[in-house]
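Undergrad: What would the 3D arrangement of this be:
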Amino acid sequence: MFIAIAGNIGSGKTNLTKTLAARLNFKTCLEDFFAENPYLERFYQDKKKWAFHSQLFFLAQSIKNHHDIAEAKESVIQDRSIYENAEVFAKLLYEDGLMDEDEWRVYSDIYKSVADLLPAPDIIIYLKADIETLLGRIRRRGRMVEQEIKKNREYIAKLNNRYDNWAKNFERALILVVPIEGTDFRGRPQEIEDLILKIEKLIGKKVA
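TA: Alright, predicted model coming up:
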């Protein structure tokens, strides 16, 4: 089985991925290639020049992760999917003018061609949050790569709007929308049990 966890920066994707995987005895696939992106530092210095390069790197890594999951013999829970990397983050860079028409067309053609070939997850869990919740979580965890992001309320708001639109219109897989305000999946085990029941009801089969 293949479950993907989706959500904005600070929504708790990694926490839920690890907690749910431990409960279900699934393997995890975590998005851990930010530090490996050779363009990321240059992107923050000159976003217009390096957005396309940076996003192509992320796309290549997402393709590899998704392919590895498809080939895996065990069930897997993934922290952030190839779909949201392309249709939320990269699309927003294009909409903000940081990728030009030619760059976006090349990127989109690669993404769509690969996405058509990859098997979709059984379900995507979208962790939906308000802006204040996200900014509070980003501040508390203090990751270096997010130091500029936490100051940019407008950017988080734009991502949130794009995530909401993406979740409403996405057709490649089932999406379960989970509001995260007031949740504590790690600290309150019953919330994980309730989430598993919602997953089973939506996909029509047992996962635990």
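Undergrad: can we go C-alpha only for contacts and neighbour counts from here?
TA: Fine.
Undergrad: Sort out which residues of the biggest helix by length in the chain are buried, please.
TA: Longest helix of the chain, by residue count under DSSP state H: helix 47-71. For helix 47-71, burial by neighbour count (16 or more other CA atoms under 10 Å) applies to 47-48, 50-59, 61-63, 65-66, 69-70.
Undergrad: average pLDDT for that helix?
TA: Average pLDDT, helix 47-71: 94.
Undergrad: For it, name the packing helices and strands.
TA: Using 3 or more CA pairs under 8 Å, 6 or more residues apart in numbering; DSSP states H and E, the elements in contact with helix 47-71 are helix 40-45, helix 82-84, helix 101-117.
Undergrad: what's the closest of those to Lys201?
TA: Nearest of those to Lys201, taken as CA to CA: helix 82-84 at 23.4 Å.
Undergrad: which element follows that closest one toward the C-terminus?
TA: Once the chain leaves helix 82-84, the next helix or strand it forms, by DSSP states H and E, is helix 91-95.
Undergrad: residues contacting the residue lying closest to Leu30 once chain neighbours are set aside?
TA: Closest residue to Leu30 in three dimensions, ignoring its sequence neighbours and counting by CA to CA, 6 or more residues apart in numbering: Asp79, at 5.0 Å. Going by CA atoms under 8 Å, 6 or more residues apart in numbering, Asp79 touches Ala4, Ile5, Ala6, Lys13, Thr14, Thr17, Thr28, Cys29, Leu30, Glu31.
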